[in-house]
Structures are given as structure tokens and as C-alpha cells.
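# I would like to see how this sequence folds:
(one chain, ligands or ions: 2)
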Amino acid sequence: MTQHDSRVSRETRPRDGLYDASEDEATQRAAFTGGDVPVAVYGLGKMGVPLAAVYADVTGNTVGVDVDPSVVETINGGQSPIKREPGLPDLVAEVVESGALEATTDGEGAAERAAVHVLMVPTLLTDDDEPDLSIMDDVVETVGTGLSPGDLVIVESTVPPRTTVDRFLPKLLETSGLSDGEFGVAACPERTVSGQALADVRGTHPKVVGGIDDESTRAAALIYDEISSNDVVTTTDATTAEATKVFEGVYRDVNIAIANQLAVFAEEMDIDINEAIDVANTQPFCDIHDPGPGVGGHCIPVYPHFLSGQFDADASLLSTARERNDDMAAYTASLTDAILESEGVEPDEARVLLLGMTYKANIAELRNTPSIPLARHLAEMGPTVYAVDPLIEDWSALDTVEPLTLEEAHDRSVDAVVLATPHDEFTTLEWDTFDAPILDGRAAIDTEEVDAPVYTIGGPWP
Ligand SMILES: NC(=O)c1ccc[n+]([C@@H]2O[C@H](COP(=O)([O-])OP(=O)(O)OC[C@H]3O[C@@H](n4cnc5c(N)ncnc54)[C@H](O)[C@@H]3O)[C@@H](O)[C@H]2O)c1
Ligand SMILES: CC(=O)N[C@@H]1[C@@H](OP(=O)(O)OP(=O)(O)OC[C@H]2O[C@@H](n3ccc(=O)[nH]c3=O)[C@H](O)[C@@H]2O)O[C@H](CO)[C@@H](O)[C@@H]1O
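Ligands and ions are numbered 1, 2, ... in the order given. Below you'll find the model as predicted:
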């Protein structure tokens, strides 16, 4: 029997939490893996589903909460709403079938029953690029209403440093009516990446764990020692744990900005910048990333805003890197324009085929994708823009392009092809059938196999 079989109010629920537990460590571990410590995972998205499935697999007693009834229904039907995640469909089917995982839209009910509360909802930006923590705030409030002494709240979502201690802890104290020290809170940021999320949750990287107090850190470390096969790295406090995740993302954004900055020297230097970067990277202390049409997704372009403007300290390096990366869509369009000019094609009469609209290869996510501004800049220059992306079903956000299937694209006459996102479906393309120059935005094409001119960002200028 799981705890979901009976609704037990928090007044009557036995104290089953790990925070400040009186049992010895072995007994606590056995209670966690034996299903005596009910878990609730809030947010069943790209990262929440693999996380909830692994929690269920380890504990046998996990409830997943989502506001979207279709997500809940899909999971309770034994299916994963998240596609293209190796191993996830089988694991979801298995843990739902065994009763280890159940999904619900009833957040308050789940909060009442759970002793470990794992928050995995999105952290977004407002239209003014300010951190938008409104979804987190709602969930923290829900968790607070069901919090009992001994419970542990785990913040897996990426948040601006100091959020757990300055924003979530006071809200939890207020909504729960409990006192400081009666429950634990820890920041344990998710380091997963789409396409390998299950493996990542299970321990591709060391797990970072930092509590608001030593007991929170201890309890969270015990949990992740069971969830992850990798090391658990404990930090001095929750803020340090939050900061590590934001720093990882900021490092990537600034590093890509360096690559993009160098790429725009290509025309004047008259060298292949990519070759120079590759050779520079043979020095072990040099790890310049790859230039491209921009940086998308809801992580890397978002996290710099979790620092810039949130503290008094000057963060102009981060803002400049953001601008550099955002400018790459316009730069890629100008490169396309130069290619058309070199072919003697008037922009107004040109037809450009754009391949790949999502932010990253093989990931069905349009958020912050550079392909949208790229398509807009291309259209503003004059050409008709055709676009192909086998991962997209809903094209309503892409009004500057004419969507085509790959088959239809082959039948169109085009003046240039721009590869923005190299999905697997494109790797077997007969590039020469387009009979047009190609701008390979991600340096993904084997040029040995193609007769048509192939240009890259940072490569020799047309
Ligand atoms: N996607 C990644 O590659 C990745 C990797 C590491 C960390 N993160 C971080 O993980 C967090 C979640 O990202 P994601 O990619 O899983 O998001 P997502 O957009 O894929 O999914 C979020 C889910 O939360 C649900 N939700 C929204 N409001 C809710 C509420 N009030 N209560 C319960 N559920 C609610 C949505 O319906 C959706 O199913 C973010 O903070 C992100 O920065 C993401
Ligand atoms: C290092 C890493 O894996 N970090 C991950 C990142 O995952 P992600 O899914 O956002 O993917 P990235 O690979 O970082 O790409 C982002 C964008 O940058 C473009 N890009 C990339 C490399 C490059 O050299 N030049 C580029 O231009 C790329 O095309 C895309 O648009 O954030 C997650 C959430 O926090 C992390 O958990 C996760 O670790």
C-alpha cells in the first residue's frame, strides 16, 4: 500500500520526515528507499518527469503534481508526456504500473501527504528580462500550506542566488505557521540537459546540495546519495548551491559570446575563425566554444538575468555577452545577404530555405530560439523564407516563414539554404539537390560530401 491509498491530514500524519529525524542514518535511508518518506515533485515538465520517475523508482512512493490536467492524465496512463528522452517511457510505464508514481493536479493534497517536497517548475523572465518567479511563488505557497515538522523542501529549479533564503523561506514560514528549525529547505539545482535527462538525474554529474542550515544540507545529501550514483557535493549554504548553477550557465553564455565575437572578425582577418579556435583549443587551458546564429533555450540566455540587475555590483560583462549572442541572428542574416549578393541574386527576389527552428538539435523547444529572430531578419531583408523543422507541430509563433516539409523543400527552387539547427533528420540530406549555396550555421555539414559552396559563421567571407 502506498500513502496515496489513504488521505491523511498533516495533524494526524505520523512524523515521517528526514529533517531533524531522531533515527540513526541507516534507519533514515531505509525509510526513504522503503517508501516511508512520501515524496511530492511539483512540475512535470522536461525535467520534472524524469526527476519524479527516478524519485518513484528509488522510493516507491512519489506523487507528481502539475497544473496541466493532460500531463497528469498522460502519466497516470503510464506514458511519458516528454518525448525523445532515452529510457523515460519505459521507466514511467514501470513506476506507474507498480504504483510507485502517481500524478495529480491537487498540489495542496500532495503537499499535505508528502514529507519531501521537490520543486521543479519553470523560472522564467518577464518581458523586461527580470526574473519571473511567480510560478515558484505559487508552488512554495502550496507547499507551505501542507508543511509539517520534519519536512524537507528541495528547490531543484534554477533561481537567482539568495532566492531560497530571502524569498522562499519567509514564505514557507508564513504559510505553514511553523517556526524556523522545524522544517528544512535546500537548494539542489538540476544539472540535466534535454535528450539525456534520465541519465543526468541518475548521476552524470556530481549533485550539488546546499541547505539553509546544516540539518537541511545533511537530509538533502542523504536523499541525493540514494537518488544519484554520482558524488554529492555539499556547499556551505543554499545561496552557494544556487550560485553554482547560475555560474555554470553564465560561463557558457559568456564563453559562446567570445566565440561569436571572434567569428565576426572573419571577414577582415580573412581566415577561418573556426580553424583558429580549434587549434587554440589544443592548448589545455583554452576552451573556446562554438560560434553560431545565437543562444537559445530557457537556461543559458536566461540565467545571466538572474545576476544582472539583481545585485548592486556591475554586471556589464554579462550584459555585453548577452547582446553579442543576441546580435548573432542579425549577423547570420547579413551573412546570408552577402552570400546572395555574391551569387548575384537580388534580396527582394530571393528565396531562402531555413532548416531547424528549435533552439537546439533534436530538442522540440522553441523558447528563445535564435531561429525566430533570424527568420525575421531574413524576411526584413527581402527574401521569401521557407522553413523546415520536423520537430514542430504548431507553427503559429513563426509567422515570418512559410513552413514546408523536407520533401516539399526539395521540390522548391531556392537561392540559399541556411542550416540553423542540425537535427538528425537533416544529417542525411542530399545537399546538392538544392542546387544553392549553403550557410552551415552550426558547422555540422561534412563539406567533403557536398559540391555546393558551404559557408560557416566565422568561416571565409563569401
Ligand atoms: N530544460 C532544461 O534543460 C533544464 C535543465 C536544468 C534545469 N532546468 C530548470 O528546471 C526548471 C524547470 O524546467 P523544465 O524545462 O522542466 O520546464 P518545463 O517548461 O518543461 O515544464 C514545467 C512544468 O511545470 C508545470 N507547472 C507550471 N506551473 C505549475 C504549478 N504552479 N504547479 C505545478 N506545475 C506547474 C507545467 O505545466 C509544466 O508541465 C527551470 O527552473 C529550469 O531553469 C531546466
Ligand atoms: C553545458 C550544458 O550542456 N549546459 C546545459 C544547458 O543546456 P541547453 O539545453 O540549454 O544546451 P546548450 O548546449 O548549453 O545550448 C544552449 C544554446 O547555446 C547554443 N550554443 C551552444 C554551445 C556552443 O558552443 N555554441 C552555441 O551557440 C546552442 O545552440 C543553444 O542554442 O542548460 C541547461 C539548463 O540549465 C543545463 O542544465 C545544461 O547543463
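# how about the helices in the stretch 301-450 of the chain?
Counting by DSSP state H, counting those that start in this stretch, the stretch 301-450 of the chain has helices at residues 316-342, 371-381, 406-411, 424-427.
# and the residue of the stretch 101-250 of the chain found nearest ligand 2, how many neighbours?
Here the stretch 101-250 of the chain gets closest to ligand 2 at one residue, Val193, 4.0 Å apart by C-beta to the nearest ligand atom. All C-beta spots, glycine's among them, are computed from the backbone N, C-alpha and C. Around Val193 there are 17 other residues, counting by other C-beta atoms under 10 Å.
# and the nearest residue to it once chain neighbours are set aside, what helix or strand is that in?
Excluding the flanking residues, the one nearest Val193 by C-beta to C-beta, 6 or more residues apart in numbering is Asp200, at 6.2 Å. Per DSSP states H and E: Asp200 is located in helix 197-203.
# which ones are touching Ile258?
Going by C-beta atoms under 8 Å, 6 or more residues apart in numbering, Ile258 touches 288-289, 321.
# ok, so what distance separates Ser216 from Val37?
Distance, Ser216 to Val37, by C-beta to C-beta, to the nearest Å: 15 Å.
# I'd say Arg367 and Tyr359 touch.
Yes: the pair Arg367 / Tyr359 is scored as a contact, 6.7 Å apart, by C-beta atoms under 8 Å.
# what about these two, which has more around it?
Counting neighbours by other C-beta under 10 Å for Arg367 and for Tyr359 shows that Tyr359 has the greater number, 26 against 16.
# helix/strand/coil for the nearest residue to that one once chain neighbours are set aside?
Setting aside the residues directly before and after it, Tyr359 is nearest to Gly296 in space (C-beta to C-beta, 6+ apart), at 2.8 Å. Following DSSP: H, G, I helix; E, B strand; the rest coil, Gly296 is assigned to coil.
# over to Gly296: give its phi and psi.
Dihedral pair for Gly296: phi -120, psi -160, per degrees, to the nearest 10.
# can you list the residues of the stretch 151-300 of the chain near ligand 2?
Neighbours of ligand 2 within the stretch 151-300 of the chain, by C-beta under 6 Å from any ligand atom: 158, 191-194, 249, 252, 256, 289-290, 292, 295-297, 299-300.
# from Val295, how far out is the residue nearest to Val193?
On the measure of C-beta to C-beta, Asp200 and Val295 end up 20 Å apart.
# sorry, back to before: so what sits against both of Arg367 and Tyr359?
Jointly contacting Arg367 and Tyr359 under the rule C-beta under 8 Å, 6+ apart are 296-297.
# what about the helix holding Asp200, average pLDDT?
Here helix 197-203 scores 98 as its mean pLDDT.
# what's in contact with the helix or strand following that helix?
The helix or strand immediately downstream of helix 197-203 is strand 207-211, counting by DSSP H and E. For strand 207-211, contacts defined as C-beta under 8 Å, 6+ apart pick out 184-189, 191, 217-221, 224, 227-228, 230-242, 244-245.
# pretty sure Ala436 contacts Ala452?
Yes: using C-beta under 8 Å, Ala436 is in contact with Ala452, at 6.5 Å.
# what about those two, which has more around it?
Neighbour totals were compared for Ala436 and Ala452, and Ala436 leads with 22 against 16 (other C-beta under 10 Å).
# picking that back up, what count of nearby residues applies to the residue nearest to Val193?
By the criterion of other C-beta under 10 Å, Asp200 has 21 neighbours.
# the residue located most distally from the centre of the chain and ligand 1: what is the separation?
For the chain, the largest distance from the centre (C-alpha atoms, centre = their mean) belongs to Gly344, which lies 41.5 Å off. As judged by C-beta to the nearest ligand atom, to the nearest Å, Gly344 and ligand 1 stand 43 Å apart.
# likewise Asp20?
The value you get for Asp20 to ligand 1, if C-beta to the nearest ligand atom is used, is 27 Å.
# swap in Lys245?
Lys245 is 7 Å from ligand 1, by C-beta to the nearest ligand atom.
# surely Asp180 touches Glu174?
No: when contacts are counted by C-beta under 8 Å, Asp180 is not listed as touching Glu174 (11.7 Å).
# show me what residue of the stretch 201-350 of the chain gets nearest to ligand 1.
Closest point on the stretch 201-350 of the chain to ligand 1, by C-beta to the nearest ligand atom, is Cys299, at 5.3 Å.
# same question for the stretch 151-300 of the chain.
Counting by C-beta to the nearest ligand atom, the stretch 151-300 of the chain gets nearest ligand 1 through Ser157, at 3.3 Å.
# point out the residues in the stretch 151-300 of the chain that sit beside ligand 1.
Contacts of the stretch 151-300 of the chain with ligand 1, taken as C-beta under 6 Å from any ligand atom, map to 157-158, 190, 192-194, 298-299.
# burial of Val279, as a residue count?
Val279 has 10 neighbours, counted by other C-beta under 10 Å.
# A helix includes it, no?
Yes: Val279: assigned to a helix according to three-state DSSP.
# low pLDDT regions in this protein?
Low-confidence regions of the chain, defined by pLDDT under 70, span residues 1-15.
# domains in it, by residue range?
Split into domains by automatic domain parsing, the chain comes to 3-236, 303-456.
# just tell me which of these ends up closest to Phe265.
domain 303-456 (11.8 Å; C-beta to C-beta).
# kindly check the end-to-end length of that closest one for me.
Terminal residues of domain 303-456 are spaced 28 Å apart (C-alpha to C-alpha, to the nearest Å).
# how far away is the residue in the chain that ligand 1 sits nearest to from Leu124?
Nearest to ligand 1, among the residues of the chain, is Gly45, at 1.6 Å (C-beta to the nearest ligand atom). Going from Gly45 to Leu124 by C-beta to C-beta gives 12 Å.
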